[in-house]
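Peer 1: Fold the following, please.
(one chain, ligands or ions: 1)
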Amino acid sequence: MAEMTVQIVTPDGIRYNHKASFISIRTPDGEMGILPNHVNLIAPLEVHEMKIRRTDHDSHVDWVAVNKGVIEVKDNVVTIIADSAERDCDIDLSRAERAKVRAEKELAEAEKAHRVDEMERAKIALQRAINRIRVGNHL
Ligand code: ATP
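Peer 2: Prediction:
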């Protein structure tokens, strides 16, 4: 079966390194599916869930919460470099729920005070929390 190497790197180091037959990710242009032997590319990533169908574990599907970053595809190696990324099995759901409540509160306060920078920060924190909750619930 055709396969590619998928690596996810964060400031904490290599968070993921497996073989896969398919991945999907979200760029600002939309959802993108990648198969083995894809042409080389570099693209920015959204805060979104990444799907990985593994060839080294019975076609098992892993889900990863990717928090922005970039994807590079080069010579059949897919590398995701992100500020943070968590696998479904590593997500602390109650922490993500708490982060969501906190971000919603911060967003409401910033909107009330018309503080644009704080609104943007709270919106991104909210996106991260919602993404983690979605990925954590795939288990
Ligand atoms: P929190 O307010 O809960 O810290 P955050 O969005 O501010 O959330 P980040 O700054 O994005 O957190 O991440 C800090 C570190 O904590 C990263 O290593 C990230 O992978 C990890 N992390 C954040 N939230 C979770 C979670 N719900 N489950 C597991 N790891 C998490």
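
Peer 1: Ile124: what's it in contact with?
Peer 2: By C-beta atoms under 8 Å, 6 or more residues apart in numbering, Ile124 lies in contact with Val47. C-beta here means a position set from N, CA and C on the backbone, and glycine is covered the same way.

Peer 1: How much space separates it from Gly69?
Peer 2: Distance, Ile124 to Gly69, using C-beta to C-beta, to the nearest Å: 13 Å.

Peer 1: do Asp88 as well
Peer 2: Per C-beta to C-beta, Asp88 is found 18 Å from Gly69.

Peer 1: what's next to stretch 51-66, contact-wise?
Peer 2: Applying C-beta under 8 Å, 6+ apart, the external contacts of stretch 51-66 come out as 1, 3, 6, 8, 16, 18-25, 45, 47-50, 80, 82, 85-88, 91, 128, 131-132, 134-136, 138.

Peer 1: one more time with 7 Å, if that's ok
Peer 2: Residues lying outside stretch 51-66 but in contact with it, judged by C-beta atoms under 7 Å, 6 or more residues apart in numbering, are 1, 3, 6, 8, 16, 18-25, 45, 48-50, 80, 82, 85-88, 91, 131-132, 135, 138.

Peer 1: now swap in stretch 80-91 and tell me
Peer 2: Contact with stretch 80-91 is made by 8-10, 15-16, 45, 62-71, 132, 135-136, 138-139, as judged by C-beta under 7 Å, 6+ apart.
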